[in-house]
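Enquirer: Predicted coordinates and the sequence they were generated for:
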Amino acid sequence: MAIGAMKQLHQLGVKVPEQVSVVGFDDIALAPYMVPSLASVRVPVTEMIKESINRLIFMLDGGEFNFQQSFPGALIERESLVAGPCA
């Protein structure tokens, strides 16, 4: 989605990151090779899948779904992201 947004912004003459920053999600393999390179939020997808499968098996075995899980994320700063002015 972020790649499509960057393409549309380019077609409209909006400069990334000079006029607008763009940040993707999942840090796809293509992100560092884009021009400008795409900043992204990286999440531990493999860990999330494993935990989801474990919880599904738990529920299929009669367990109740009554818990929450959070996973760490990391902002991968690249050329499409510029910090704004400090408040």
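Expert: Good, I have the coordinates.
Enquirer: Now do the contacts for Glu51.
Expert: 69, 71 (Cβ atoms under 8 Å, 6 or more residues apart in numbering). C-beta coordinates here come from the backbone N, C-alpha and C atoms, glycine included.
Enquirer: May I see the buried residues of stretch 11-31?
Expert: Neighbour-count burial for stretch 11-31, counted by 16 or more other Cβ atoms under 10 Å, picks out 16, 22-24, 27, 31.
Enquirer: do stretch 42-54 as well
Expert: Buried residues in stretch 42-54, counted by 16+ other Cβ under 10 Å: Arg42.
Enquirer: List every C-alpha atom in that stretch, with coordinates, as PDB.
Expert: Extracted in PDB, the C-alpha atoms of stretch 42-54 (Å, rounded to 0.1, in the frame of the first residue of the first chain):
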ATOM      1  CA  ARG A  42       9.100  -4.300  11.200                       C
ATOM      2  CA  VAL A  43       7.100  -6.800  13.200                       C
ATOM      3  CA  PRO A  44       8.100 -10.400  14.100                       C
ATOM      4  CA  VAL A  45       5.700 -12.100  11.700                       C
ATOM      5  CA  THR A  46       7.100 -15.600  12.200                       C
ATOM      6  CA  GLU A  47       6.600 -15.300  16.000                       C
ATOM      7  CA  MET A  48       3.100 -14.000  15.500                       C
ATOM      8  CA  ILE A  49       2.200 -16.900  13.200                       C
ATOM      9  CA  LYS A  50       3.600 -19.500  15.700                       C
ATOM     10  CA  GLU A  51       1.800 -17.900  18.600                       C
ATOM     11  CA  SER A  52      -1.500 -17.800  16.600                       C
ATOM     12  CA  ILE A  53      -1.200 -21.500  15.700                       C
ATOM     13  CA  ASN A  54      -0.400 -22.400  19.300                       C
END
